[in-house]
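Participant: Return atomic coordinates for the entry below.
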Amino acid sequence: MPKATETTLEIDLNALSHNFNYLKSKLKPGVKFMGVVKAFAYGSDSRIIAKKLEALKTDYLAVAYTSEGVQLRDTGIQSPILVLHPQTVNFDKIAARCLEPSIYSPLMLQRFIAFAEKKQLKEYPIHIKINTGMNRIGFTTNEVQTVANLMKNTTAVKVRSVFSHLAASDDLENRAFTEKQIALFEKSAAYLIELLRYPILRHTLNTSGLLNFPNAQFDMVRSGIGLYGFGNDARENKNLEPVASLKTIISQIHHIKKGESVGYNFGFVAEKDTKTATLPLGHADGIHRGYGKGKGFVTIQGKRAPMIGNICMDMLMIDITDIDCNEGDEVIVFDSKNSAEEFANSINSISYEIITAISQRVKRVVID
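Facilitator: Predicted coordinates for the structure are as follows:
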């Protein structure tokens with residue numbers, strides 16, 4: 001790959017294809033695959049990722065907010081798109097772009113039915129979210145009858161799928177809790193299908209669920225973080241390839257004398273003569289202020305350089321005392337060899353937070 005000449009986020013579509021095919025290989029015959037591209041496709045570029053997933057024949061795409069789905073439609077994406085957390089104010093946009101809303105409460109279902117009837121829609125697809133223990137959003141298992149009663153009185157909408165979300169599928173020490181969630185979901189979904197008397201897709205597995213609870217695949221699985229190269233398990237991470245690589249360059253090198261400080265508020269004071277480098281990357285680009293002062297590192301010429309001082313809005317500083325390098329040299333923040341997960345661990349964070357935080361002002365470069 002070409003070396004960086006400025007701060008860039010490389011998006012490796014070959015890695016995406018590998019991850020997609022690996023995860024698909026885990027599916028039983030006939031099970032559909034939903035690719036989650038919310039949050040700018042986990043910090044990369046949702047339009048680029050969705051286009052590639054569509055070419056790979058994903059069955060569904062999922063976003064969090066209506067605006068994300070609108071952007072994909074405006075880009076030319078034709079695949080079915082589930083909006084996981086829509087709001088009633090956006091119903092017009094949802095229908096205009098043929099997006100499919102997750103309906104998660106009796107009030108929302110009533111409002112969407114009223115909207116669909118007013119617009120004279122016919123069997124508009126919706127997805128019913130069941131809360132089986134995550135306790136964020138969703139119908140309770142006792143409200144399935146309510147869903148059925150409301151649906152029986154309209155032809156404007158039709159349930160396309162019923163789904164739930166697992167709270168701890170990556171934590172096998174809490175396997176019993178996950179199995180309880182799966183059992184509750186299976187019972188609730190079966191009851192809804194019995195009441196409505198037509199086929200409805202069922203899905204509850206996320207990436208970790210797919211890898212750890214393969215017997216609960218039902219009709220479809222959803223994968224987000226796995227598509228981007230992380231399996232929430234060291235063994236599975238070896239089977240996946242990180243899609244995003246964050247790279248930058250050395251803007252300037254400084255020779256700091258003992259007792260001198262670097263950056264804001266004396267965040268670093270040299271205890272000995274020190275060579276530092278300044279990078280064009282800061283908290284406005286997604287490098288959290290929790291980094292710096294020895295927390296976090298970058299890689300130059302295969303060697304790690306710790307972050308020092310306070311992270312600035314547009315710059316950060318590193319200690320390169322023991323590294324032979326020059327201004328303009330490439331700097332790796334994370335890539336396939338220097339994991340974003342390890343980078344995140346240095347401030348007790350997770351890969352999800354690090355990769356989704358990369359600012360949209362950082363230049364995207366596609367590798368395909």
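
Participant: For the helix or strand bottoming out on mean pLDDT in the chain, list every residue counted as buried.
Facilitator: When the helices and strands of the chain are scored by mean pLDDT, DSSP states H and E, helix 234-237 comes last with a mean of 89. In terms of neighbour count (16 or more other C-beta atoms under 10 Å), helix 234-237 has its buried residues at 236-237. No exception for glycine: its C-beta is placed from N, CA and C like everyone else's.

Participant: and what of stretch 180-187?
Facilitator: Neighbour-count burial for stretch 180-187 flags 181-182, 184-186 (criterion: 16+ other C-beta under 10 Å).

Participant: Show me the shaky parts of this protein.
Facilitator: Per-residue confidence of the chain (counting by pLDDT under 70) places the weak regions at 1.

Participant: Need the residue closest to the centroid of it.
Facilitator: Closest residue to the average C-alpha location of the chain: residue 42 at 3.5 Å, with C-alpha atoms, centre = their mean.

Participant: Tell me the spacing between that one and residue 208.
Facilitator: Between residue 42 and residue 208 the computed distance is 15 Å (C-beta to C-beta, to the nearest Å).

Participant: residues near the residue nearest to residue 356 when sequence neighbours are not counted, how many?
Facilitator: Spatial nearest neighbour of residue 356, excluding adjacent residues (C-beta to C-beta, 6 or more residues apart in numbering): residue 43 at 4.2 Å. Using other C-beta atoms under 10 Å, residue 43 has 26 neighbouring residues.

Participant: give the contact list for residue 43.
Facilitator: The neighbourhood of residue 43, defined by C-beta atoms under 8 Å, 6 or more residues apart in numbering, consists of 9, 244, 286, 355-358.

Participant: Can you tell me which of those lies closest to residue 153?
Facilitator: Nearest to residue 153 among the contacts of residue 43, counting by C-beta to C-beta, is residue 356 at 40.5 Å.

Participant: The closest one touches residue 40, doesn't it?
Facilitator: Yes - when contacts are counted by C-beta atoms under 8 Å, residue 356 is listed as touching residue 40 (7.3 Å).

Participant: tell me which element residue 195 falls in.
Facilitator: Taking DSSP states H and E as the criterion, the element that holds residue 195 is helix 175-196.

Participant: With only the CA atoms kept, save stretch 277-293 in PDB.
Facilitator: This file holds the C-alpha atoms of stretch 277-293, laid out as PDB (Å, rounded to 0.1, in the frame of the first residue of the first chain):
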ATOM      1  CA  ALA A 277       7.500  14.700  17.000                       C
ATOM      2  CA  THR A 278       4.200  16.600  16.300                       C
ATOM      3  CA  LEU A 279       1.500  14.800  14.200                       C
ATOM      4  CA  PRO A 280      -1.400  16.500  12.300                       C
ATOM      5  CA  LEU A 281      -4.000  14.500  14.300                       C
ATOM      6  CA  GLY A 282      -6.000  15.500  17.400                       C
ATOM      7  CA  HIS A 283      -9.200  15.100  19.400                       C
ATOM      8  CA  ALA A 284     -11.200  16.800  16.500                       C
ATOM      9  CA  ASP A 285     -10.100  13.800  14.400                       C
ATOM     10  CA  GLY A 286     -11.200  11.300  16.900                       C
ATOM     11  CA  ILE A 287      -8.200  10.800  19.200                       C
ATOM     12  CA  HIS A 288      -9.700  11.100  22.600                       C
ATOM     13  CA  ARG A 289      -8.300  13.400  25.200                       C
ATOM     14  CA  GLY A 290      -7.900  10.300  27.400                       C
ATOM     15  CA  TYR A 291      -4.800   9.600  25.300                       C
ATOM     16  CA  GLY A 292      -1.500  11.500  25.900                       C
ATOM     17  CA  LYS A 293       0.600  11.700  29.100                       C
END
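
Participant: And it, what's buried?
Facilitator: Of the residues in stretch 277-293, those with enough neighbours to count as buried (16+ other C-beta under 10 Å) are 277-283, 285-288, 291-292.

Participant: tell me the contacts of residue 27?
Facilitator: Listed by C-beta under 8 Å, 6+ apart, the contact partners of residue 27 are 33, 210, 217, 221.

Participant: is it true that the first one lies in a strand?
Facilitator: Right, the one you point to is residue 33. Yes - assignment of residue 33 by DSSP: H, G, I helix; E, B strand; the rest coil places it within a strand.

Participant: Neighbours of it, how many?
Facilitator: As a burial measure, residue 33 scores 22 neighbours (other C-beta under 10 Å).

Participant: Show me the beta-bridge partners of it.
Facilitator: Applying DSSP bridges to residue 33 yields these beta-bridge partners: residue 221.

Participant: Return the distance of it relative to residue 61.
Facilitator: Noted for residue 33: a distance of 10 Å to residue 61, by C-beta to C-beta.

Participant: Ok, the last one next?
Facilitator: Between residue 221 and residue 61 the computed distance is 14 Å (C-beta to C-beta).

Participant: Show me the common contact partners of these two, please.
Facilitator: Taking C-beta under 8 Å, 6+ apart as the contact rule, the neighbours common to residue 221 and residue 61 are residue 34.

Participant: Could you give the number of residues near residue 152?
Facilitator: Other residues within reach of residue 152, judged by other C-beta under 10 Å, total 11.

Participant: give the contact list for it.
Facilitator: Under the contact definition (C-beta under 8 Å, 6+ apart), the residues listed for residue 152 are 195-196.

Participant: what's next to stretch 238-245, contact-wise?
Facilitator: Contacts with stretch 238-245, where a contact means C-beta under 8 Å, 6+ apart, come from 1, 9-16, 18-19, 22, 42-44, 49, 226-231, 332, 334-336, 339-340, 355, 358.
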